[in-house]
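# next one to model:
(one chain, ligands or ions: 2)
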Amino acid sequence: MVMQNKKELIEKLTGVHSSKKSYYVALKEKINELLQIKREWEVTFSAVTDLLVFINSDYEIQRVNKAAVDFFTTPESDLLGSKCYKLFYGREEKCSPCIGDQVLNTQKTSYLQSRTRYNRVLDIFAYPAFTEQNKPYGVTYYAKDVTRLIDSIKLASMGEMSAGVAHELNSPLTAIVGNSQLLLREASPDNPHYQLIKDIHTSGIRCQRIIKNLMTFSRQDEFTFEKIDLNTIVKSGLELAAYQIEKSKIDLVVDLYENVPALSGSGNGLEQIIVNLLLNAKDAVEEKMQTEKNGEKGIVTIKTRIHPDNEFAIVDVSDNGHGIEQEHVSQIFNPFYTTKSSGKGTGLGLSVSLGIAQAHGGFIDLDTTVGEGSTFSLILPLDQEAPVKNGTMKMQCD
Ligand SMILES: Nc1ncnc2c1ncn2[C@@H]1O[C@H](COP(=O)(O)OP(=O)(O)OP(=O)(O)O)[C@@H](O)[C@H]1O
Ligand SMILES: [Mg+2]
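Ligands and ions are numbered 1, 2, ... in the order given. Modelled structure (predicted):
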């Protein structure tokens, strides 16, 4: 009986009614044909650069493509059999509502945009899979990572909002900084109010820096290109930041190379970078001194130099602060990335500074060691043309 079934099965599969030998040759050919079809499907499945995940009605993963394996950084063998809610969200329980249930119940395609594991936003399309009897038995998920798109839309609206706020705050701040400056000129340092006025002035300048970064980020700022002397820019940046550094009892070392050739750039833009880098250095040293309290003297150094091949002018801002973990290095230039407590940092300093440096045809390099400190180097090409014909600078901060 079993033999009879086997014979029938082989005949059905191969379509051959012949001797035993030709059965098996035909069977072998059929198997090869099936393997070829399987391979082709697998190649097609893997060629899709977005995620494909197939689950059964118990939410267990039955099949994944290469993009899904790469996305979840987990070997395929570990993914198969695990639950879809665990895979996508790291959950122990089924999602509520569950898009898979919805698809199985309605037998219709469904769509969901959701923030999943690793903080990634996925556009997820779910399609029902049917048996030969037209019964739904599983769900195919097609998921596309749209994090960048969503983040850029978010950044654009944040930019628009910041532009409005920055614009409104600019005028009252000019009055606060200007008037406190006048009072400081008139008051003698022994005046009991001198320190109070000085603090008002410094806080005003700090707010102006935040506003300036916000305006640059939202592209409300226009920088004019002219011939500039880098050391003069560094000195004016120091005028804005030195007081805050020294007030924090941090030594400030200034080492300016005398023969830096004049370069084409925006004095305001470059000064903004210098101030951002100096204040970051100050914060890093201050934080380290507060946490370690080992009596080590905090030092911030600013230095100008020329690259040995005479193609670049460089400003190095170094500190002996806490340094930056390797895993954070790739994030620190992202807008709104900050490790500082609220009220201490907006996370715009480096992203805006990098945008300004790039608009000058330059860049910002970083050398950092955890526990020892960091050096941020502003690298600007010498003998360059002003990047924008009409002499104004176009920013690129994102
Ligand atoms: N010199 C430095 N040493 C250690 N970490 C630094 C240094 N400079 C920057 N960072 C890290 O990079 C992050 C981003 O810096 P960024 O200047 O963009 O923003 P912020 O200083 O936090 O806020 P903001 O500059 O807008 O006030 C900081 O929060 C900090 O974690
Ligand atoms: Mg900063």
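
# for the residue lying closest to Glu372 once chain neighbours are set aside, give its distance to Thr44.
Closest residue to Glu372 apart from its sequence neighbours, by CB to CB, 6 or more residues apart in numbering: Gly323 at 5.6 Å. C-beta here means a position set from N, CA and C on the backbone, and glycine is covered the same way. According to CB to CB, to the nearest Å, Gly323 stands 48 Å off from Thr44.

# quick one, which of these two is more surrounded?
Gly323 (17 against 11; other CB atoms under 10 Å).

# and what about that one, helix, strand or coil?
coil (DSSP: H, G, I helix; E, B strand; the rest coil).

# do the one 4 residues further on as well
With three-state DSSP as the basis, the three-state label of Glu327 is helix.

# quick check: it vs Asp367, distance?
Distance from Glu327 to Asp367, by CB to CB: 17 Å.

# ok, Phe312 next?
Taking CB to CB, one finds Phe312 at 16 Å from Asp367.

# these two: which is more packed in?
Neighbours per residue (other CB under 10 Å) separate Phe312 from Asp367, with Phe312 holding more: 20 against 12.

# quickly list what that one is bridged to.
Counting by DSSP bridges, Phe312 is bridged to Pro381.

# from Lys235, how far off is it?
Phe312 is 20 Å from Lys235, by CB to CB.

# ok, Lys94 next?
63 Å.

# how about Leu278?
Taken as CB to CB, the span from Leu278 to Lys235 is 12 Å.

# who has more neighbours, these two?
Counted by other CB under 10 Å, Leu278 and Lys235 do not tie: Leu278 has more neighbours, with 24 against 16.

# please identify which helix or strand holds the residue nearest to the more buried one when sequence neighbours are not counted.
Closest residue to Leu278 apart from its sequence neighbours, by CB to CB, 6+ apart: Ala241 at 4.0 Å. Using DSSP states H and E, the element containing Ala241 is helix 230-247.

# other residues contacting that helix?
With contact meaning CB atoms under 8 Å, 6 or more residues apart in numbering, helix 230-247 is reached by 198, 202, 205-206, 209, 252, 254, 256-258, 260, 263, 267, 270-271, 273-275, 278-279, 281-282, 300, 302, 304, 313, 315, 380.

# all helices for the stretch 251-398 of the chain, in order.
In the stretch 251-398 of the chain, the segments counted as helices under DSSP state H, counting those that start in this stretch are 267-292, 326-329, 349-359.

# to Tyr111, which of these lies closest?
Of all the helices of the stretch 251-398 of the chain, it is helix 349-359 that lies closest to Tyr111, at 32.7 Å by CB to CB.

# can you pull the buried residues of the helix holding Ala241?
Buried positions in helix 230-247, judged by neighbour count with 16 or more other CB atoms under 10 Å: Leu230, Asn231, Ile233, Val234, Lys235, Gly237, Leu238, Leu240, Ala241, Ala242, Gln244, Ile245.

# give me the pLDDT for the residue of the stretch 51-200 of the chain found nearest ligand 2.
Here the residue of the stretch 51-200 of the chain nearest ligand 2 is Ser162; by CB to the ion that distance is 15.6 Å. If you check Ser162, the pLDDT there is 80.

# surely it is within a strand?
No. Counting by three-state DSSP, Ser162 is not part of a strand but helix.

# in the stretch 51-200 of the chain, which spans are helices?
66-71, 76-79, 84-89, 99-106, 147-186, 194-217.

# and the residue in the chain positioned nearest to ligand 2, what does it touch?
In the chain, no residue comes nearer to ligand 2 than Gly349, which is 2.8 Å away by CB to the ion. Gly349 makes contacts with Asn213, Asn276, Leu277, Leu279, Asn280, as judged by CB under 8 Å, 6+ apart.

# now these as a markdown table including pLDDT, neighbour count and distance to ligand 2?
Output for these, formatted as a markdown table (pLDDT from 0 to 100; neighbours: other CB atoms under 10 Å; distance: CB to the ion, whole Å):
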| residue | pLDDT | neighbour count | distance to ligand 2 |
| --- | --- | --- | --- |
| Asn213 | 88 | 26 | 8 |
| Asn276 | 96 | 27 | 5 |
| Leu277 | 97 | 28 | 8 |
| Leu279 | 96 | 21 | 6 |
| Asn280 | 97 | 22 | 4 |
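
# list the buried residues of stretch 309-322.
So, applying 16+ other CB under 10 Å, buried residues of stretch 309-322: Phe312, Ala313, Ile314, Val315, Asp316, Val317, Ser318, Asp319, Asn320, Gly321, His322.

# and what of stretch 83-90?
So, applying 16+ other CB under 10 Å, buried residues of stretch 83-90: Lys83, Cys84, Tyr85, Lys86, Leu87, Phe88.

# quick one: residues contacting the residue nearest to Glu372.
Counting by CB under 8 Å, 6+ apart, Gly323 has contacts Ala284, Thr368, Thr369, Val370, Gly371, Glu372, Gly373, Ser374.

# now list the buried members of those.
Ala284, Thr368, Gly373, Ser374.

# which of the contacts of Gly323 are close to ligand 1?
Ala284, Ser374 (CB under 6 Å from any ligand atom).

# among the contacts of Gly323, which ones are in strands?
Counting by DSSP state E, the part of the contacts of Gly323 found in strands is Thr368, Thr369, Gly373, Ser374.

# pLDDT score assigned to the first one?
Per-residue confidence for Thr368 comes out at a pLDDT of 97.
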